[in-house]
Structures are given as C-alpha cells and as structure tokens.
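Student: From the sequence below, what's the structure:
(one chain, ligands or ions: 1)
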Amino acid sequence: MTATAPDTPLVPTRSVLRRGARVLSGYIRMHPGPFAIAVIGAAVFSGALVGGTAVLGWVTDDVIVPAIEAGELELATAVGAAAAIIGLTLVRAVGVVFRRYFGAMAANRTAASLRRDVTDTYLDVPLSYHLSAPTGELLAHADADVEATTDAMFPLPFSTGIITLILFSVIALALVDPIVMAVGVLVFPLLAVVNKLYTARVEVPAAMVQHHVGEVANVAHESFDGALVVKTLGREDAEVARMADASDRLLASRLQVGRLRAAFEPTMDALPNIGTVALILVGAWRLSEGAVSTGDLVTATALFGILAFPMRVVGFFLEEVPRSVVSAERIQKVLDVRPGLVAATGAAHAGGAVIDDAPLPVAAEHVAFTYPATSQPVLDDVTFEMAAGEVVALVGPTGSGKSTLCQVLVHLVEPTSGAVRVGGVDARDVDPDLLRARTAIVFQESFLFADSVRSNVALSTGASEEAVVEALRIAQADRFVSELPDGLDTVMGERGVSLSGGQRQRVALARALVRRPRFLVLDDATSAVDPVIEARILDGLRTALGTTTLIVAHRLSTIELADRVVHLDGGRVVAVGTHEELLSHPDYERLVRAYEDEVME
Ligand SMILES: Nc1ncnc2c1ncn2[C@@H]1O[C@H](COP(=O)(O)OP(=O)(O)OP(=O)(O)O)[C@@H](O)[C@H]1O
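Tutor: Numbering: from 1, shown residues only. As a prediction, this is how the structure comes out:
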C-alpha cells in the first residue's frame, strides 16, 4: 500500500478562459439540441425581464405620476398595465422552465457521455495502463472530474442569456439617457478585471483539489480492498492516519480555493450594487436638469436591478471555469490513450488476418518485456513453441516472469520487442475481438460477480444452459454446483465468498471454457484444486475441449501431466523439453525437488 506522491498539477499555460471556451464549446457540440433550447429559454426570460422594466417606466409616467398629480386613476390604463405585467411575468416563467430543464438535460447528458468515454477507455486500454494507474485515481476521473468539468454547464445558458439581457438593457438605457447608460456600462469592464484576477489565482489550487480528490479515493479504495490485511495486522490506526493525512491535504487545498472564492464572490456581488448607487446619483442629477423623467429613472434603476442577479450568475459561471478546465484536462489525459490504441490495432483490422477455429499453435519469438514503472526487463529474448493441442507446463522460481509471460502470450500486454505468433500469425495482426474469442487466461485470484453461477459462467456470451453445464463439467465444478441450494441459479456472495477457494477457481475456469478457447493459459488457476481433480481437468481439456494449454505449474503432479515443460529463470528460457529430459538440468531438478518437498511437508 503506497501513498501516491502528490504530483505537481498542471501549470497555467494559456488563458483559463480561452481554454474554458474551447472545453465548453466541445461539450455543447456533444448535445447541441437541449442546449440551444435552454439558450432560447434564457433569451425569452431576458427579453421579458427588460420588457417588464419598460412597462414599469410607462406605468410610472402614465398611471402613477398623473394619479398623484391629478388625484385620480385612469382605470383602463391601470388594467392594461396590470395585464402587461402579468403577461410578461408568465413569459418569464416559461423562459425559466425551458432554460433550467433543457440546461440540466444538456449538462447531465454531457456528463453521461464523458463518463461513458472514460469507462470505455478503461475497458479498451491495455492491462499495462491499469497496472500503472491507481484505482482511486481512475475512479476520480470517471466521477469527480466529470462532475467538476460539467458543473460549469449549469449556469452557462443563463450566462449566454445575459448577453441578450445586457444588450437589451444597454439599448434601453441608451434610450433613457446616454449619460446614465455610460455609468451602467462602466460596471462591465470592472467585472472582467476582477474575474481575471480570480481565475489567474485559482487555477493551480483548483487542480490541486482534483488531484487530492483522487488521492483520497485511492487511500479509501486501498483500505477497503485490503481490509483483511488491515484487520489481521492491526493496521487500523495506521490506515486511519493515512486517510487523515490525505483528507487534510484535500481540506487544505479546498480551503485555499474557498478563501479565493470568499474574496471573489462579495466583490462580484458588490459591483452591481455600487453601480446602482452611482446610477441613482447621476440619474437624480439628470432628473434635476430635466434631461430624464421620473419614469425614465425608475426604468433605468429597475434595469440595473435586474442586471445584478444575472451578473452573479456570470460570476458563478466564471468561478466554475477554472475547475472545469483542470478536470477536462485530467479527463483528456485518459481519453488521449485511445488514439494510440486505435493506431496500434488499426493494422490488425486492416490486415484482417484470420486464425481458424482449431487448437492453435502458439510461439514466442524473442519476446522481451519491461514494465512501464521499471527499467529492468522482466522477460528477455523468450523463444519457444507450442504445437496445436499441446499441454505445456511453465515452471520457474518466484519472480521469474511466468505471470508476465502468460499475459504477453494472450496479448493482454504487448511485448516491448519480439512477437507472439498465434495460429502462425503475429498476434498484432489479428482482429483483437477474434483474438479475445479464441484465447483465454485464468488467474489464481478469480473474481466472481455477486450473481448466479450461470451468469458468472456465461458472462454475456449468450451461452446456452448445455454449454454452461459442459464447461462446468470439464472444470470439474458440475457436481458441487448441482448440490448448491438453487443449482446453477445460486447467487454467490460478493466475490463468491460462499464458495471455497478451489470451487471459486473452478467456476472461473468454466467461465473461460464456455468460450471454447483454442489457446488457454492457466496462471496458477488450479492452485487451490487438489491434484486428482486437476488431473481430471487437464484430461478434459485434451479430450472434450481440444485446446492448446499453457499451465503455470507449482506441483510435480501438474508437471507430469504436461507434454513438455518450459523452464523460465530470470526472465529467460533456460530449458524446454519433456520433464524427463529436463531432469538432467541441475537447476530444473532442484526446482522440482523443492516442489516435491513442499508436498511432503
Ligand atoms: N505491474 C508491475 N510493475 C512492475 N513490475 C512488475 C509488475 N508485475 C510484476 N513485476 C515484476 O516482474 C517480475 C516478474 O513478475 P511475475 O509476476 O511475472 O513473476 P512470476 O514468475 O509469475 O512470479 P510468481 O511465481 O511469484 O507469481 C517480478 O520481479 C515483479 O516484481
């Protein structure tokens, strides 16, 4: 359990707003329909709002002032004014409903699309990507980052509606009085300056927050996943301390962003209010000069009043942009893995090499492999062949590269150099889907879903009941499955806890067999199964299934069932041959004797 070192978040390279515009315009293009309706709703709202202030001015000049001066109210005009105000209020309400409903639809659909893209990428990337990325970090990209980057979309339609509002208001103010308008217009550049100061300061802390969210998720994930180790070694306090450290770092970065927001928000709030005071002062002077009427001043003040809240919304939006940009860039890093992947498999699709539906000969040709995290090769110049239908045992001391070789052979990871030939064809030239259908690997640790035995074996292959039963039979699991309370339909607990280790391994093996693989790799997949049952399984693989099999062996009984043995040491093949042939090699003989001694103990 290693804590992720807090890496430096991205440093601003280009204007945050410019990058924000690029990010958000991309999101809008993902679901343009609902977004366009939301913007129309916002424009309708703005139009009705400005219309309302004009009506207010008209009511002041034509209804209220005459009523005060003459002492009588003209009923028809008053009713007309009331009807206009009610009508405009209704139009405004409709605008709000459209803006909110379709705006939320656009943002949520975008979030769903991004989440799907991220998770699809996780499924498509080579295993090496997962080996080098902590699970908590992957979860944060699919969840917290998607949420943070699409949050800016919620106030966006209103913010665009505001352009209409500002336009209408400036025209309306200009019609009232150009000097009064100039006072109002002055507020906008001030807002822009304040925002620029804010975004320049908040970007790095915002990136830090997203980074620490991933870190906390990672620590939490490791604690849950390693619950058994934590409990048995009494590491509860250490884990709590580790989580506290990670949360403290997240808290510190959130507080830093909070402090910046705390300064920014009141400033953005105050600016329109200061503008209103200035407007009333200038307006009162213009009224005394006789340049504007009382109604004009009421209209101008009301216009400014209605601008205050939308300006706040622009503020919300501008606050969200830096967070949106840093999260978008974190997501983009994941999505960028894909084009490389398509390029790598593109040749395969174009070449369209076909491997047929018979036991496949498999060969490793000068295979070398180095894990991305290390510089030392784990496999070095590995060369050997397996004939179609042959059962080959792979043996070697711990850490000699057996598991790595297994993954390279089924193309879960690509060799750093050299090639794997399946059915005589370079695995890179075979359609990946076809390769996946014809080859299978089963690991020592078998993950079973909290679902029925049937579903765990069939796993969306659409395999018939007969095929599932046949696979269970070859895996020597049919007997105990039939004795379960609901047979094939017995639902297994999380990770199949209600089954023993050996039973779980056999269900996992049946899951691979139901696909009728033509090349099967068993990486310690029968370690918890007793040797008699293991012998029956291998016999079934030869007779009932007909597949080429590579089995990582840790027992003499397993080795003796194989046609040939590949002896791996330090990532190199040191010998290939039958068990008897290899016994003349002292290292091999020592290794096998150690296996025998283990059984005797
Ligand atoms: N994800 C990884 N990143 C970096 N190095 C790794 C990774 N996985 C394995 N290794 C290293 O590669 C070497 C070979 O590991 P591998 O698991 O292939 O050996 P193995 O022969 O299967 O061992 P065992 O019998 O103990 O399962 C080891 O030195 C191991 O530390």
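
Student: Whichever residue of the stretch 151-300 of the chain sits closest to the ligand: which element?
Tutor: At 15.5 Å from the ligand, Glu222 is the closest residue in the stretch 151-300 of the chain, using CB to the nearest ligand atom. C-betas here are computed from N, CA, C, even on glycine. Using DSSP states H and E, Glu222 falls within helix 178-225.

Student: That helix packs against which elements?
Tutor: With contacts taken as 3 or more CB pairs under 8 Å, 6 or more residues apart in numbering; DSSP states H and E, helix 178-225 sits against helix 16-30, helix 135-140, helix 156-176, helix 236-288, helix 294-335.

Student: Relative to Phe447, which of those is closest?
Tutor: Closest approach to Phe447 among the helices and strands packed on helix 178-225 (CB to CB): helix 135-140, 13.4 Å.

Student: returning to what we had before: can you lay out the helices and strands packed on helix 178-225 as a markdown table showing distance to the ligand and mean neighbour count?
Tutor: Output for the helices and strands packed on helix 178-225, formatted as a markdown table (distance: least, CB to the nearest ligand atom, whole Å; neighbours: other CB atoms under 10 Å):
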| stretch | distance to the ligand | mean neighbour count |
| --- | --- | --- |
| helix 16-30 | 33 | 17 |
| helix 135-140 | 13 | 19 |
| helix 156-176 | 42 | 21 |
| helix 236-288 | 22 | 16 |
| helix 294-335 | 19 | 22 |
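
Student: Rebuild these as TSV, extending it with mean pLDDT.
Tutor: Below are these laid out as TSV (pLDDT from 0 to 100):
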stretch	mean pLDDT
helix 16-30	88
helix 135-140	81
helix 156-176	78
helix 236-288	87
helix 294-335	79
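
Student: Which among those is found nearest to Val566?
Tutor: So among the helices and strands packed on helix 178-225, helix 135-140 is nearest, using CB to CB, at 32.7 Å.

Student: which residues sit against the next helix or strand after that closest one?
Tutor: Using DSSP H and E, the helix or strand that follows helix 135-140 towards the C-terminus is helix 146-151. Contact partners of helix 146-151, identified using CB atoms under 8 Å, 6 or more residues apart in numbering, comprise 23, 27, 107-108, 110-111, 114-115, 118, 210, 320, 323-328, 331.

Student: Val529 is in contact with Arg506, correct?
Tutor: Yes: if you go by CB atoms under 8 Å, Arg506 and Val529 touch, sitting 6.5 Å apart.

Student: neighbour-wise, which of these two wins?
Tutor: With neighbours defined as other CB atoms under 10 Å, Arg506 and Val529 compare such that Arg506 has more, 29 against 22.

Student: Now the more buried one: closest residue in space, sequence neighbours ignored.
Tutor: Ala477 (3.8 Å; CB to CB, 6 or more residues apart in numbering).

Student: List the contacts of that neighbour.
Tutor: When contacts are counted by CB under 8 Å, 6+ apart, Ala477 touches 503, 506-507, 509-510.

Student: again, but for His411
Tutor: Counting by CB under 8 Å, 6+ apart, His411 touches 420, 422, 427-428, 432, 435, 439.

Student: Out of these, which comes closest to Leu90?
Tutor: Relative to Leu90, the closest of the contacts of His411 is Pro432; by CB to CB it sits at 57.9 Å.

Student: residues near the closest one, how many?
Tutor: As a burial measure, Pro432 scores 16 neighbours (other CB under 10 Å).

Student: Use 365 as the first number for this chain going forward.
Tutor: Happy to do that; since the first residue is 365 now, the last one works out to Pro796.

Student: Would you mind measuring from the residue most central in space within the chain to the ligand?
Tutor: In the chain, the residue lying closest to the centroid (CA atoms, centre = their mean) is Ala506, at 2.2 Å. Per CB to the nearest ligand atom, to the nearest Å, Ala506 is found 21 Å from the ligand.

Student: Ignoring the adjacent residues along the chain, who's closest to that residue?
Tutor: Val482 (4.7 Å).

Student: In a helix, the one you found, correct?
Tutor: Yes: under DSSP: H, G, I helix; E, B strand; the rest coil, Val482 sits within a helix.

Student: Can you convert the contacts of His775 into TSV and add a column each for pLDDT and secondary structure?
Tutor: Output for the contacts of His775, formatted as TSV (pLDDT from 0 to 100; DSSP: H, G, I helix; E, B strand; the rest coil):
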residue	pLDDT	secondary structure
Val784	94	strand
Val786	91	strand
Ala791	88	helix
Arg792	86	helix
Pro796	78	helix
Leu799	84	helix
Thr803	91	strand
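
Student: Which one of the residues you listed is nearest to the ligand?
Tutor: In terms of CB to the nearest ligand atom, no member of the contacts of His775 lies closer to the ligand than Val784, at 15.4 Å.

Student: wait, doesn't that closest one sit right on Val726?
Tutor: Yes: using CB under 8 Å, Val784 makes contact with Val726 at a distance of 7.1 Å.

Student: what sits in contact with each of the two?
Tutor: In contact with both Val784 and Val726: Leu773, using CB under 8 Å, 6+ apart.

Student: what about those two, which has more around it?
Tutor: Taking neighbours as other CB under 10 Å, Val784 and Val726 compare with Val726 leading, 26 against 22.

Student: on that earlier part again, out of the contacts of His775, who has the most neighbours?
Tutor: Among the contacts of His775, Thr803 has the most neighbours (other CB under 10 Å), with 27 neighbours.

Student: which stretches of this structure have low pLDDT?
Tutor: The model of the chain has pLDDT under 70 over residues 365-378, 437, 492, 495, 671-676, 702-720, 857-861, 962-965.

Student: What are the structural domain limits within it?
Tutor: As recorded under automatic domain parsing, the domains making up the chain are 380-699, 720-964.

Student: Please compute how far the last one lies from its chain's middle.
Tutor: This means domain 720-964. 31 Å (CA atoms, centre = their mean, to the nearest Å).

Student: ok, now the first one?
Tutor: Relative to its parent chain, domain 380-699 has a centroid offset of 24 Å by CA atoms, centre = their mean.

Student: Straight-line length of that domain, end to end?
Tutor: Chord length of domain 380-699, first to last residue, is 21 Å (CA to CA, to the nearest Å).

Student: Kindly report the same for stretch 490-510.
Tutor: Across stretch 490-510, first to last residue, CA to CA, it's 22 Å.

Student: ditto for stretch 773-785
Tutor: Terminal residues of stretch 773-785 lie 9 Å apart, using CA to CA.

Student: For it, buried residues please.
Tutor: By neighbour count on 16 or more other CB atoms under 10 Å, the buried set for stretch 773-785 is 773-780, 782-785.

Student: again with stretch 544-558
Tutor: Applying 16+ other CB under 10 Å to stretch 544-558 flags 544-545, 547-548, 551-552, 555, 558 as buried.

Student: since we're on the residue nearest to Ala506, how many residues are nearby?
Tutor: Number of residues near Val482 (other CB under 10 Å) recorded here: 19.

Student: thinking it is in contact with Asp507, fair?
Tutor: No: contact criterion CB under 8 Å: Val482 and Asp507 do not qualify, at 9.2 Å.

Student: circling back to that earlier point, against the ligand, how distant is the residue nearest to Arg870?
Tutor: Remark: distance between Ala841 and the ligand (CB to the nearest ligand atom) = 24 Å.

Student: would you list every one of the strands in the stretch 865-965 of the chain?
Tutor: In the stretch 865-965 of the chain, the segments counted as strands under DSSP state E, counting those that start in this stretch are 883-887, 912-916, 928-933, 936-941.

Student: Residues contacting the second one, please?
Tutor: For strand 912-916, contacts defined as CB under 8 Å, 6+ apart pick out 723-726, 750-759, 766-767, 770, 773, 882-890, 902, 905, 922, 926.

Student: same deal with stretch 522-535?
Tutor: Contacts to stretch 522-535, defined as CB under 8 Å, 6+ apart, come from residues 403, 405-407, 409-411, 413-414, 463, 467, 545, 548-549, 552, 667-668, 670-671, 674-675, 677-678, 681.
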